[in-house]
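K.L.:
I'd like to go over a predicted model; first the sequence, then the structure.
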Amino acid sequence: MTDPIYTLDLSGAGMWSRIIGRHKTLRLTDLEGGANIGMLLYHASERHERYNMPDTLKGQHIFYLRAPYCLHSDMGRILASITQDTTGWHDTVCGGSDAALVRQKFGDKTFQTARNDFHRNARECFLIELSKWGLGERDLVPNLNWFSKVVADEAGRLSFVSGHSKAGDHVDLRFEMDTLVVLNTCPHPLDPDPAYHPRPVRLEVFRNDPPAADDPSFTVRPENARAWRNTEDFYLLAQ
Amino acid sequence: MSTFIPAFSDLNAATAIYDHTILAGDHWVHEVKRGQTLRIVDLEGNQAADTLFYNAHDPLERYSASDTIRHQAALYLTTGTRLMSTRGNPLLTIVADTCGNHDTLGGACSRESNVMRYAFDKEPMHACRDSFIRGVQCWSHGLGKRDITCNINFFMNVPVSPDGQLRFADGVSGPGYYVEMRAEMDVIALISNCPQLNNPCNAYNPTPVQVLIWD
Ligand SMILES: [Zn+2]
């Protein structure tokens, strides 16, 4: 890829939201290792269309995400494809932290005492950013957790895999639709680290060529080929 | 799941204050008051009861699959599971279960996802998310598609393997199996009794479920 058209280093427990157009790629880089990025995605103009955890999982028969898999909307379309990924596993089911969880795990740390190092939580960060786009509590759905690995045993009990993502690990999301991207860098809710330790990440956006029908993200599962056709049909009619 | 021990209920169907059969493909909306018990009965076996819950007094608070998974650090729902809201509050607690494995990952079928999952010619087929939309519209409060979030599939078996594969497996339910839950706040229950004709796990034959409520 060529030079990024946008670069931002986001501090730990930070939040960010922008619209990223189709035919652009967002690269997320874990700068120190152990980062977590909670992410929600919405169709940029039709914001009741959003990332859907169940359709993404059952459409691809997988419980986590990695390249070359896709992020499906609840309308049978593809919001983004994972084109590069150095970690091989990203959590899709555990959601984010809330104020009660952060208080229970780490105690109170308010702005009064800690200034900008006060304890933030994923739910409030999502709600703050969502509000700026006319969205709110109604639009909270299970989010993605980039760089975090959570595995299930035979009985469905979950465990967080510490040390999964290393400094410099990155994942590339190629957007197939104009997408509102809402994210925060709060710690994963099941991370057993006893210290509140959110990590910084780098965001970079690149232009990419439109993908072809034989792209690995669309051939990895027949469901993805149909979802991509639905996506192309949407723009064929809308533009 | 081989070690599952059924947890039976002491409640007698004859003393229920409410008894209704939801036909295959129908939706059902009903209030369950705090302290009341809701039982869902799989009358003929391996039928998916796609279910959502809302705080009856503030529908912005509703069932959250990810909060439920995170609170119990487990994927499957059974006796003892607390069904958590988007605000981190328990909506209901599962108090009896003779099936042993209820899913909250697989979500509801929709006309759009039927196209993606199966084929373009499946688009006209009746699907759960359309039933959910009609259900919340009938309850009113101005709710609609935005308020349809990731649901519970009672009686559905969606195993995840340790290497991260996810399958829609044959059901482990059977005729008369039931799940029972106690409401921890006043909730509205919304059920789409799934009309899915494309998935072999119900033998391509959607069937009725029964709902019972006790004080
Ligand atoms: Zn269904």
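P.N.:
Cool, the structure landed. Numbering: from 1, shown residues only, chains lettered A, B, ... in the order given.

K.L.:
use CA for all of it now, contacts and neighbours both
P.N.:
Fine.

K.L.:
what are the ranges of the strands in chain A?
P.N.:
Along chain A, counting by DSSP state E, strands occupy A:6-10, A:15-20, A:24-30, A:37-43, A:64-65, A:70-72, A:78-85, A:90-91, A:144-146, A:150-152, A:158-160, A:170-175, A:179-184, A:201-207.

K.L.:
Next, see if the fourth one gets close to chain B.
P.N.:
No - applying Cα under 8 Å from any Cα of the partner chain, one finds strand A:37-43 out of contact with chain B, separated by at least 11.4 Å.

K.L.:
count of neighbours near the nearest residue to residue A:85 once chain neighbours are set aside?
P.N.:
Of all residues not flanking residue A:85 in the chain, residue A:171 sits nearest, at 4.3 Å (Cα to Cα, 6 or more residues apart in numbering or on different chains). For residue A:171, the tally of surrounding residues (other Cα atoms under 10 Å in any protein chain shown) stands at 22.

K.L.:
Residue A:171 pairs with what?
P.N.:
Using DSSP bridges, the bridge partners assigned to residue A:171 are residue A:28, residue A:85.

K.L.:
Kindly report the same for residue B:165.
P.N.:
For residue B:165, the beta-bridge assignment (DSSP bridges) gives partners residue A:62.

K.L.:
follow-up on the earlier one: got the strands of chain A as a markdown table, with distance to residue A:134 and mean pLDDT columns?
P.N.:
What follows is the strands of chain A, written out as a markdown table (distance: least, Cα to Cα, whole Å; pLDDT from 0 to 100):
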| stretch | distance to residue A:134 | mean pLDDT |
| --- | --- | --- |
| strand A:6-10 | 23 | 98 |
| strand A:15-20 | 12 | 98 |
| strand A:24-30 | 23 | 98 |
| strand A:37-43 | 12 | 98 |
| strand A:64-65 | 29 | 98 |
| strand A:70-72 | 22 | 98 |
| strand A:78-85 | 20 | 98 |
| strand A:90-91 | 27 | 98 |
| strand A:144-146 | 21 | 98 |
| strand A:150-152 | 32 | 97 |
| strand A:158-160 | 34 | 97 |
| strand A:170-175 | 22 | 98 |
| strand A:179-184 | 12 | 98 |
| strand A:201-207 | 24 | 98 |
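
K.L.:
and of those, who's closest to residue A:195?
P.N.:
Nearest of the strands of chain A to residue A:195, taken as Cα to Cα: strand A:158-160 at 15.4 Å.

K.L.:
Could you tell me which ranges of the chain sit under the pLDDT cut-off?
P.N.:
As the question left the chain open, I've gone with chain A. Low-confidence segments of chain A (pLDDT under 70): A:1.

K.L.:
wrong one, chain B
P.N.:
Under the criterion pLDDT under 70, the flagged ranges of chain B are B:1-2.

K.L.:
where along chain B do the strands fall?
P.N.:
Counting by DSSP E, one finds strands in chain B at the ranges B:18-22, B:27-32, B:37-42, B:49-55, B:82-84, B:90-97, B:152-154, B:177-183, B:187-193, B:209-214.

K.L.:
Dump these into JSON lines; add mean neighbour count and distance to residue A:157 as well.
P.N.:
Formatted as JSON lines, the strands of chain B follow (neighbours: other Cα atoms under 10 Å in any protein chain shown; distance: least, Cα to Cα, whole Å):
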{"stretch": "strand B:18-22", "mean neighbour count": "14", "distance to residue A:157": "32"}
{"stretch": "strand B:27-32", "mean neighbour count": "20", "distance to residue A:157": "29"}
{"stretch": "strand B:37-42", "mean neighbour count": "24", "distance to residue A:157": "25"}
{"stretch": "strand B:49-55", "mean neighbour count": "26", "distance to residue A:157": "22"}
{"stretch": "strand B:82-84", "mean neighbour count": "25", "distance to residue A:157": "15"}
{"stretch": "strand B:90-97", "mean neighbour count": "22", "distance to residue A:157": "17"}
{"stretch": "strand B:152-154", "mean neighbour count": "27", "distance to residue A:157": "17"}
{"stretch": "strand B:177-183", "mean neighbour count": "24", "distance to residue A:157": "20"}
{"stretch": "strand B:187-193", "mean neighbour count": "25", "distance to residue A:157": "27"}
{"stretch": "strand B:209-214", "mean neighbour count": "21", "distance to residue A:157": "29"}
